[in-house]
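**Q** attaching a predicted model along with its sequence, questions to come.
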Amino acid sequence: QHSGLVCKPVLEQMASKCPIDIQYLKETMNSLNKMFELPWRPYYDQASGFGSPAGNSTGNFSTIEYWALGATTAFTVIVFAFENYLDTRQEESYRKTNFPEELEETVAAMDSSSLDSTKNKNDGEQTEGNQATIDTNKPLLPQLKEKFEKSQAYGLDKVQFSQISSSFDAIQTVAFLNLGFLPYMWDYAASFGEQTFGWTIANDEIKVSLIFLAFVTLIGTVTSLPFEWYSTFGIEKKHGFNKQTLGLFFSDKVKGIFLTFLIGGPFVSLLLYIIKLGGDNFFLFVWAFLFCFSLFMMTIVPVFIMPIFNKYEPLKDGTLKTKIFELSVKLSFPLKKLFVMDGSKRSSHSNAFMFGFGNNKRIVLFDTLLSQVLDDEILAILGHELGHWKLGHTMTNF
């Protein structure tokens, strides 16, 4: 008792000199506690506008309403954390600078064999103008070690940048969810449509939906632009892959937005119209529509849309063209046309792909592929892709 009487004035004196406002701290903690009370409420909702309560412990709520925002936010964070964990493990792999021992032993054994036989085997098989990235007249191991170092450095930069961009995407997603970004944009689109065109949600729901999607698309394009710019003119340029100019970069963006509105507008309008007319079984009609639309896009994209961005020319007659057609006949692949695409105007990366329906198949080779590898290597790449077709993987994925 005596010690209590002595300590009480001392404690009061210490509290009076404390720089922290205890009452303010308690109020802040109470506010944070209320924020995490279920059900969570976005900062903006369509019922009460801005500043709606973040949590509410009273009232009757459905199970979905009670858990929706909190569970969605938690799921988003968990997925991000797991993917970031995988990226971190991948980053550790890219930091390894020692060339794999087993591969080194194998390649060294290959180098010890006669290089003359390899040279003679490749003579006459190289496409005109082809400059293979591997010099078969020199030891293979030093060349592979150099490529390994460059590949590791490139992969490390890519995965580190991916972690930054994915962190931004996760933060943006959580912020948009809890701020009520989409409900706000919907109300804004409705207000804009009514004030500008006289459209109302009751009578012009599809038109208002198009305004909403246009706003969201433009905002998404702006927020992603800095990351796409750095990926192209930062990382890709640093490692010698980028060939794009600023003019081509932004013209591609403008073309992409234009095509999104040109094709996406009618698509969304038809989709919403089908949902309104479909009744209780609307999902069956939606499935049928999406199936038909997928076939339509697979038909027009290679023929009409892709040529907007790249130039396609028939592959010139020669040994490579003959061998590709022989391979297609061997696999019963109904190849009709072979094209070369000017991928080099954007990147030095190489690729090849095929498209077409039924007996009207086509194969496209990047011009970078023709300049980087030998003819037999191109046939091996196409053999891999045609193998997917032969085994029915294309239809399975579709």
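**A** Yep, that arrived.
**Q** after the helix or strand where residue 185 lies, heading C-terminal, what element do we hit next?
**A** Assessed by DSSP states H and E, residue 185 sits inside helix 181-197. Where DSSP H and E defines the elements, the next helix or strand beyond helix 181-197 is helix 205-230.
**Q** off-centre distance for that following helix?
**A** The gap between the average C-alpha position of helix 205-230 and the chain average comes to 16 Å, counting by C-alpha atoms, centre = their mean, to the nearest Å.
**Q** by contact count, what packs against it?
**A** Using 3 or more C-beta pairs under 8 Å, 6 or more residues apart in numbering; DSSP states H and E as the contact definition, the elements that helix 205-230 packs against are helix 140-179, helix 181-197, helix 246-278. Any C-beta I mention is one placed from the backbone N, CA and C, and that applies to glycine too.
**Q** alpha carbons only: can I get the second one in PDB?
**A** Right, the one you point to is helix 181-197. Coordinates of the C-alpha atoms in helix 181-197 are reproduced here as PDB (Å, rounded to 0.1, in the frame of the first residue of the first chain):
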ATOM      1  CA  PHE A 181     -13.200   1.600 -57.600                       C
ATOM      2  CA  LEU A 182     -15.400  -0.500 -59.900                       C
ATOM      3  CA  PRO A 183     -18.700   0.600 -58.200                       C
ATOM      4  CA  TYR A 184     -17.500   4.200 -58.400                       C
ATOM      5  CA  MET A 185     -16.600   3.800 -62.100                       C
ATOM      6  CA  TRP A 186     -20.000   2.300 -62.800                       C
ATOM      7  CA  ASP A 187     -21.800   5.200 -61.200                       C
ATOM      8  CA  TYR A 188     -19.500   7.600 -63.000                       C
ATOM      9  CA  ALA A 189     -20.100   5.900 -66.300                       C
ATOM     10  CA  ALA A 190     -23.900   6.100 -65.700                       C
ATOM     11  CA  SER A 191     -23.700   9.800 -64.800                       C
ATOM     12  CA  PHE A 192     -21.500  10.500 -67.800                       C
ATOM     13  CA  GLY A 193     -23.800   8.600 -70.200                       C
ATOM     14  CA  GLU A 194     -26.900  10.400 -68.800                       C
ATOM     15  CA  GLN A 195     -25.400  13.900 -68.900                       C
ATOM     16  CA  THR A 196     -23.700  13.500 -72.300                       C
ATOM     17  CA  PHE A 197     -26.000  11.300 -74.300                       C
END
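**Q** how about the closest residue in space to residue 313 that isn't next to it in sequence, secondary structure?
**A** Nearest residue to residue 313 in three dimensions, chain neighbours excluded: residue 340, at 5.3 Å (C-beta to C-beta, 6 or more residues apart in numbering). Here residue 340 takes the strand state, with states given by DSSP: H, G, I helix; E, B strand; the rest coil.
**Q** residue 340: neighbour count?
**A** The tally of other residues near residue 340 (other C-beta atoms under 10 Å) stands at 17.
**Q** repeat that for residue 304.
**A** Residue 304 has 10 neighbours, counted by other C-beta under 10 Å.
**Q** who's the residue nearest to residue 313 bridged to?
**A** Residues found in beta-bridge contact with residue 340 (criterion: DSSP bridges) are residue 313, residue 365.
**Q** list the contacts for it?
**A** 312-315, 364-367, 370 (C-beta atoms under 8 Å, 6 or more residues apart in numbering).
**Q** of these, grab the buried ones for ChimeraX.
**A** Those of the contacts of residue 340 that meet the burial criterion (16 or more other C-beta atoms under 10 Å) are gathered into one ChimeraX selection, given here:
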select :315,364,365,366,367,370
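**Q** now for the contacts of residue 340: which two are most distant?
**A** Considering C-beta to C-beta, no two members of the contacts of residue 340 lie farther apart than 314 and 366, which are separated by 14.8 Å.
**Q** mind listing the helices for the stretch 1-150 of the chain?
**A** Under the criterion DSSP state H, counting those that start in this stretch, the stretch 1-150 of the chain carries helices at the ranges 2-17, 22-35, 63-94, 101-112, 115-122, 140-179.
**Q** comparing those, which comes out most buried?
**A** Ranked by mean neighbour count under mean count of other C-beta atoms under 10 Å, the helices of the stretch 1-150 of the chain are led by helix 140-179, which reaches a mean of 15.
**Q** how about residue 242, nearest residue that isn't a chain neighbour?
**A** Counting by C-beta to C-beta, 6+ apart, the nearest residue to residue 242 once its immediate chain neighbours are dropped is residue 236, at 3.7 Å.
**Q** if you could redo that for residue 383, that was the one I meant.
**A** Leaving out its chain neighbours, residue 383 is closest to residue 327 (C-beta to C-beta, 6+ apart), at 6.6 Å.
**Q** state the pLDDT value of that neighbour.
**A** Residue 327 carries a pLDDT value of 94.
**Q** oh, and call the first residue 59 from now on, that's how I've got it
**A** New numbering, starting at 59: the last item is residue 385.
**Q** these two touch, right, it and residue 439?
**A** No: at 11.0 Å, residue 385 does not count as touching residue 439 under the criterion of C-beta atoms under 8 Å.
**Q** dump the helices of the stretch 59-208 of the chain to a markdown table, plus distance to residue 350 and mean pLDDT.
**A** Converted to a markdown table, these look like this (distance: least, C-beta to C-beta, whole Å; pLDDT from 0 to 100):
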| stretch | distance to residue 350 | mean pLDDT |
| --- | --- | --- |
| helix 60-75 | 74 | 52 |
| helix 80-93 | 47 | 71 |
| helix 121-152 | 32 | 92 |
| helix 159-170 | 49 | 89 |
| helix 173-180 | 48 | 51 |
| helix 198-237 | 32 | 95 |
